[in-house]
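S.K.: structure here, sequence nowhere to be found:
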C-alpha cells in the first residue's frame, strides 16, 4: 500500500507530465512550413505525418495519466485494474500511470 505522501508526490508528477505532454501535442499540431519548393512541401508532408503518429501516442499517454489521476481521487491508485493486486512500487515509480501489474501486463501482451 502506498503512503499518502507517495501518492501526493505521484499526483504532482502526473499533473506536471500531463501539462508537458499537452504542450508537446499543441506543438505537433502545427503544420511545418519549410518553404514553397516541391522538396520542401514533400518534407513538410512527411514530417506532418510523422507528427500525427507521435501525437496519437502522446494523446494515449495523456489518457493513461487521466486514468491514474482518477484512480488517485477514487482511492484505488496502485491497484491493478485486472487482478486487483497492488502494482509494484518500482513499476509505479517508473510509470506512475501504470494501471496493470507486471504479470497482467505481460499476459495482455501475449494476447495481442
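M.R.: Thanks, I have the structure now. The shown structure was predicted, so the numbers you read here are calculated from the model rather than taken from an experiment.
S.K.: only C-alpha atoms from now on, for both contacts and neighbour counts.
M.R.: OK.
S.K.: now do residue 3, the pLDDT please.
M.R.: Predicted confidence (pLDDT) for residue 3: 91.
S.K.: that one: neighbouring residues, count only.
M.R.: 8 (other C-alpha atoms under 10 Å).
S.K.: quick one: it from residue 99, how far?
M.R.: 18 Å (C-alpha to C-alpha, to the nearest Å).
S.K.: ok, now residue 84?
M.R.: Applying C-alpha to C-alpha to residue 84 and residue 99 gives a distance of 10 Å.
S.K.: got phi/psi on residue 79?
M.R.: Phi and psi for residue 79, reported as degrees, to the nearest 10, are phi -100, psi 130.
S.K.: any stretches of the chain with poor pLDDT?
M.R.: Across the chain, residues meeting the criterion (pLDDT under 70) sit at 31-37, 39-41, 45, 109-112.
S.K.: ok, the closest residue to residue 88 other than its chain neighbours - how many residues close by?
M.R.: In this structure, residue 88 finds its nearest non-sequential neighbour in residue 101, 6.5 Å apart by C-alpha to C-alpha, 6 or more residues apart in numbering. Neighbourhood size, residue 101 [other C-alpha under 10 Å]: 22.
S.K.: please identify the buried residues of the longest helix belonging to the chain?
M.R.: Longest helix in the chain, counting residues (DSSP state H): helix 38-74. Neighbour counts over helix 38-74 (16 or more other C-alpha atoms under 10 Å) mark 43-44, 48, 51, 55, 58, 61-62, 64-69, 71-72 as buried.
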